[in-house]
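**Student:** sequence plus predicted model, see below.
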Amino acid sequence: MSIDRIVMAFAGVMIMLSLTLAHFFGEWWLLLAALVGLNLLQAAFTRFCPLARLLKRFGYVSGAAF
């Protein structure tokens with residue numbers, strides 16, 4: 001699995017987790033989804049993603065985006 005796919009899967013899981021936590025424990029958990037979305041947006045323009053850098057350091061194969 002490439003870094004790109006791992007990053008997208010991780011972002012999807014974090015957003016779903018945020019929505020679930022917001023439903024059961026309070027709307028403040030929606031900030032997590034907003035932060036994940038902002039990170040994806042900035043990564044699209046700057047090509048910098050902290051998770052992608054960490055995965056690259058651990059030896060995962062780079063994809064087209066990172």
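**Tutor:** Nice, thanks for sending it over.
**Student:** ok, now which ones touch the closest residue to residue 62 other than its chain neighbours?
**Tutor:** Of all residues beyond its chain neighbours, the one nearest residue 62 is residue 3 (5.4 Å), with distances taken as Cβ to Cβ, 6 or more residues apart in numbering. Where you see a C-beta, it was placed from the backbone N, CA and C, and this is true even at glycine. Counting by Cβ atoms under 8 Å, 6 or more residues apart in numbering, residue 3 makes contact with 52, 55, 56, 60, 61, 62, 63, 66.
**Student:** report the two of the residues you listed separated the most.
**Tutor:** The distance between the two most remote of those (Cβ to Cβ) is 11.5 Å, for 52 and 61.
**Student:** tell me the spacing between the most centrally placed residue in the chain and residue 51.
**Tutor:** Closest to where the C-alpha atoms of the chain average out (Cα atoms, centre = their mean) is residue 11, at 3.1 Å. Residue 11 sits 8 Å away from residue 51, going by Cβ to Cβ, to the nearest Å.
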